[in-house]
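K.L.:
I'd like to go over a predicted model; first the sequence, then the structure.
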Amino acid sequence: MWQSLLAILSAPETWAFAAVGFVAQIFDGALGMGFGAISSAVLAAAGVPRELASASVNGAKIFTGTASGVSHVLMRNVDGRMLLTLSVSGILGGVVGATLLTQSFARWVGIAISLYLLAAGAFIVWRAMHTLTNRASRRAQGGVGFAGGLLEATSGVWGPLVTSNLVALGANPRLVVGSGAVAETFVSATVFALLVSHVGFEKLSGIALGLLCGALLAAPFAALLARRVAVRPFTIAVGVLVMATSLLRLAKDLSLA
């Protein structure tokens with residue numbers, strides 16, 4: 001076991017994935033979103049199969065999300081009803097998304113995901129320049145949770161959709177971030193369990209471990225940046241990066257279709 005772990009850690013690819021995880025966590029730690037969007041988009045653009053990328057990102061999120069969720073619970077940033085709604089609807093969406101991802105038409109699902117992420121990146125940039133206000137409802141939270149679970153499974157993305165939409169719907173931002181972080185951990189664990197049986201532990205171990213190591217190394221720096229860097233340019237940078245990597249992946253998918 002230890003020899004296998006050392007072999008994985010000594011592989012150059014593992015540290016390449018760690019670099020991706022480091023950059024993604026820097027943004028995520030400062031903005032409360034971005035780890036899944038950036039990691040998945042970069043891995044997909046590098047040619048990592050979608051189901052493998054999703055399983056790896058969600059595997060890393062189990063650990064990073066647990067640490068974040070515990071902190072939010074201790075800080076009383078979690079609303080019980082919102083957590084239940086997001087968790088149940090998110091898990092249902094995750095099951096549907098994981099099922100779609102492992103089917104023979106996964107390429108077309110991937111094209112749709114790339115188009116969505118392209119739009120999501122544009123929305124993130126637009127959102128950075130505008131203040132959104134609206135009214136929330138329990139049904140709307142359930143719909144957002146289901147969509148978030150679907151996207152979590154197919155591309156490892158939760159925060160840009162769930163956090164942004166719930167805040168835009170008028171929910172308390174503090175409770176949205178806290179409840180969403182805990183719910184995302186449950187959804188990620190479900191998606192990981194469904195996909196790992198399909199891709200196998202041996203294929204995802206290096207990617208998942210690399211992403212996790214990079215995220216853990218970035219955590220203290222991300223916290224520091226969160227206090228010192230202006231949110232707007234950082235948010236715009238996330239949106240631009242997601243759009244750029246999504247365009248690259250979309251071009252590859254269309255050339256193969």
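P.N.:
Sure thing, it's come through. Residues are numbered from 1 along each chain as shown.

K.L.:
For Thr154, see how far away Leu100 is.
P.N.:
Separation of Leu100 from Thr154 (C-beta to C-beta, to the nearest Å) stands at 7 Å. Bear in mind the C-beta positions are built from the backbone N, C-alpha and C, glycine included.

K.L.:
Need the residues touching each of the two.
P.N.:
Among the neighbours of Leu100, those also in contact with Thr154 (C-beta atoms under 8 Å, 6 or more residues apart in numbering) are Val109.

K.L.:
Pick out whichever of these two has more residues nearby.
P.N.:
Thr154 (28 against 17; other C-beta atoms under 10 Å).

K.L.:
got the phi/psi numbers for the more buried one?
P.N.:
Thr154 has phi and psi values of phi -90, psi -20 when expressed as degrees, to the nearest 10.

K.L.:
Correct me if wrong: it contacts Ile113.
P.N.:
Yes: proximity of Thr154 to Ile113 meets the contact threshold set by C-beta atoms under 8 Å, at 5.2 Å.

K.L.:
Spit out the residues that contact these two alike.
P.N.:
With contacts defined as C-beta under 8 Å, 6+ apart, the residues shared by Thr154 and Ile113 are Arg50.

K.L.:
which residues of the stretch 151-257 of the chain score low on pLDDT?
P.N.:
Of all residues in the stretch 151-257 of the chain, those with pLDDT under 70 make up the ranges 203, 223-229, 231, 234, 256-257.

K.L.:
mind checking the SS state of Met33?
P.N.:
Reduced to three states with DSSP: H, G, I helix; E, B strand; the rest coil, the structure at Met33 is coil.

K.L.:
number of nearby residues for it?
P.N.:
Applying other C-beta under 10 Å, we find 23 other residues in the vicinity of Met33.

K.L.:
how close does the nearest residue to it once chain neighbours are set aside get to Pro49?
P.N.:
When the adjacent residues along the chain are set aside, Met33 lies closest to Gly159, with 2.9 Å between them (C-beta to C-beta, 6 or more residues apart in numbering). When distance is defined by C-beta to C-beta, Gly159 is 23 Å away from Pro49.

K.L.:
higher neighbour count, the two?
P.N.:
When Gly159 is set against Pro49 and neighbours are counted by other C-beta under 10 Å, the residue ahead is Gly159, at 24 against 15.

K.L.:
OK, contacts around that one?
P.N.:
Remark: with contacts taken as C-beta under 8 Å, 6+ apart, Gly159 is in contact with 28, 32-37, 180, 184.

K.L.:
what about it, distance to Ser54?
P.N.:
In this structure, Gly159 and Ser54 are separated by 15 Å, where distance is defined by C-beta to C-beta.

K.L.:
got it, and Leu115?
P.N.:
17 Å.

K.L.:
Quick check, central residue of the chain?
P.N.:
For the chain, the residue sitting closest to the mean C-alpha position, by C-alpha atoms, centre = their mean, is Gly36 at 2.4 Å.

K.L.:
element containing that residue, please.
P.N.:
helix 35-45 (DSSP states H and E).

K.L.:
Report all helices and strands that the helix or strand following that helix contacts.
P.N.:
Helices and strands here follow DSSP H and E; after helix 35-45, the next one along the chain is helix 50-74. Helix 50-74 sits against helix 12-31, helix 35-45, helix 80-101, helix 106-128, helix 138-155, helix 173-199, helix 201-228, with contacts defined as 3 or more C-beta pairs under 8 Å, 6 or more residues apart in numbering; DSSP states H and E.

K.L.:
again, only this time at 7 Å
P.N.:
helix 35-45, helix 80-101, helix 138-155, helix 173-199, helix 201-228 (3 or more C-beta pairs under 7 Å, 6 or more residues apart in numbering; DSSP states H and E).
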